[in-house]
Structure formats: C-alpha cells, structure tokens
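Chemist: With the input below, show me the fold.
(2 chains)
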Amino acid sequence: NAGVTQTPKFHILKIGQSMTLQCTQDMNHNYMYWYRQDPGMGLKLIYYSVGAGITDKGEVPNGYNVSRSTTEDFPLRLELAAPSQTSVYFCASSYLGTSYGYTFGSGTRLTVV
Amino acid sequence: AQSVTQPDIHITVSEGASLELRCNYSYGATPYLFWYVQSPGQGLQLLLKYFSGDTLVQGIKGFEAEFKRSQSSFNLRKPSVHWSDAAEYFCAVGAKQTGANNLFFGTGTRLTVIP
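Modeler: Have a look, this model is predicted:
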C-alpha cells in the first residue's frame, strides 16, 4: 500500500515558468489537500477537494490551480512561478475529512530562481 | 477563527528525560485536536488525536496528550525520550462542523535529543 505519492521530490523552476506537482493516493480517500510549508510558518492550505470534480480554495490559493478528475489524483499547477512560491509542498488525503486524520505524502521541495 | 499556538520553537532534551511540548488553541467550540511528527525530509505522521471523551489520549511511539478545556491546551508528553524522537512536532486543530475540511497547524516545535 503506497499511501500518498508525490512527484517530483525536488525541482528547480525559473521565474515565469509553469509546472505541475503530481499527487496520487491509493486508499480510495474522498478528500485530498495541498499544503505548503515555509520555515517557521507551519502548513498553510492551498486547495482541497472533497471528491472527483469538486475543488475549493484554502488559505493561500493565489498563483495555483488544481483539478480532480479522478478519486486518486489531485495535481497542483503553478502558473508563472514566482520566488514567493519557493516552498515545500505536501499533498494529503483523508477518508471523510478532518475527523479521520490526514495521510501525508513525503513532499516536493520546490525552488523558484 | 481557529488558530494554534506552539510557544516553543526549539526544545533540547537529554535522552531518557521526560518531554512536554505545549500547544494552545483558539476555537469557538470543542475542536478536533491532533499531534503530528515530521522527521527530516519526510511528510507528517499522525501521533494521536482527540475527538471527545477521555481527555488523556494515547498515541504511537509512547506519546500521550492531555486535553484541558479550561486552558485551551493540548500538550504532548513522553516520559522518556529516545534519540529517534528528534523531529519536528506539529499541533493541529480541526473543526467539528459537518462539511468543514481543514486542519489549522501550529508553527511547529523542533525537538533535539542529546545523548
């Protein structure tokens, strides 16, 4: 059982470029989340999804987009990358939301230069 | 609005010593409360959670936490720390309302264990 898998683990992006961070889970979880983690700031929610075809903004959605075409996959798209998007990105999933706890992926460390 | 405060950015303890990591939350009702641990280069792993009932909850790796409503606290404890416990620890609060789908995380406490 792989859990939540994120790719890539590391990436360097140039300012203005775009990229997609991949996230897939094999636990048949309905809820999926994207967080970013900055030093001393904890985790901030970017976007979340309660099921295929349904997404919603979190605390810090600007500069990002998501889609959820299947239960398993929840990619995060960065358009026109900026240095402020340098961060560690975590994908998480949950069976039915907060009360069930979250399973996290191992993260993607992204640097925008 | 929900918020979580972890007042200690960094704690150093000797191996075998006891540990207490502090967490205070702000929330309008009784929340769901969680402790997560993050080892270097890894994602977050759930240590324990409190929903209701007994205010002392047991978790994995010998950790426990106590919910104190009067103090809005959910401190994490371990009686004897092992070198492998060195990591970053995050407290999180979640809403109990139906449809709420977010955890609010504290800024974390980094634990260093010295021999």
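
Chemist: what's near enough to touch the residue most central in space within chain A?
Modeler: By CA atoms, centre = their mean, the mean C-alpha position of chain A lies nearest to residue A:34, the distance being 3.0 Å. Applying CB atoms under 8 Å, 6 or more residues apart in numbering or on different chains to residue A:34 gives the contacts A:21, A:23, A:45-48, A:58, A:64, A:66, A:74, A:76, A:89-92. C-betas here are computed from N, CA, C, even on glycine.

Chemist: ok, for residue 78, nearest residue in space, not its chain neighbours?
Modeler: As the question left the chain open, I've gone with chain A. Leaving aside its chain neighbours, residue A:78 sits nearest to residue A:19 (5.5 Å; criterion: CB to CB, 6 or more residues apart in numbering or on different chains).

Chemist: you looked at the wrong chain, it should be chain B
Modeler: Here the residue nearest residue B:78, using CB to CB, 6+ apart, is residue B:19, at 4.6 Å.

Chemist: which stretches of chain B form strands?
Modeler: B:3-5, B:10-14, B:19-21, B:24-26, B:32-38, B:44-50, B:56-58, B:64-68, B:73-78, B:87-94, B:103-105, B:109-114 (DSSP state E).

Chemist: Okay, now the sheet partners of the last one, with direction.
Modeler: Looking back up the chat, that one is strand B:109-114. strand B:10-14 (parallel), strand B:87-94 (antiparallel) (DSSP bridges).

Chemist: roughly how far is it from the heart of the chain?
Modeler: From the chain centre to the centre of strand B:109-114 is a distance of 14 Å (CA atoms, centre = their mean, to the nearest Å).

Chemist: pLDDT of it, averaged?
Modeler: For strand B:109-114, mean pLDDT rounds to 96.

Chemist: contact partners of that strand?
Modeler: For strand B:109-114, the surrounding residues in contact (CB under 8 Å, 6+ apart) are B:6, B:8-15, B:19, B:21-22, B:81-83, B:85-90.

Chemist: ditto for the third one
Modeler: The set of residues external to strand B:19-21 that reach it, using CB under 8 Å, 6+ apart, is B:6, B:8, B:11, B:13, B:35, B:75-78, B:81, B:85, B:89, B:91, B:109, B:111.
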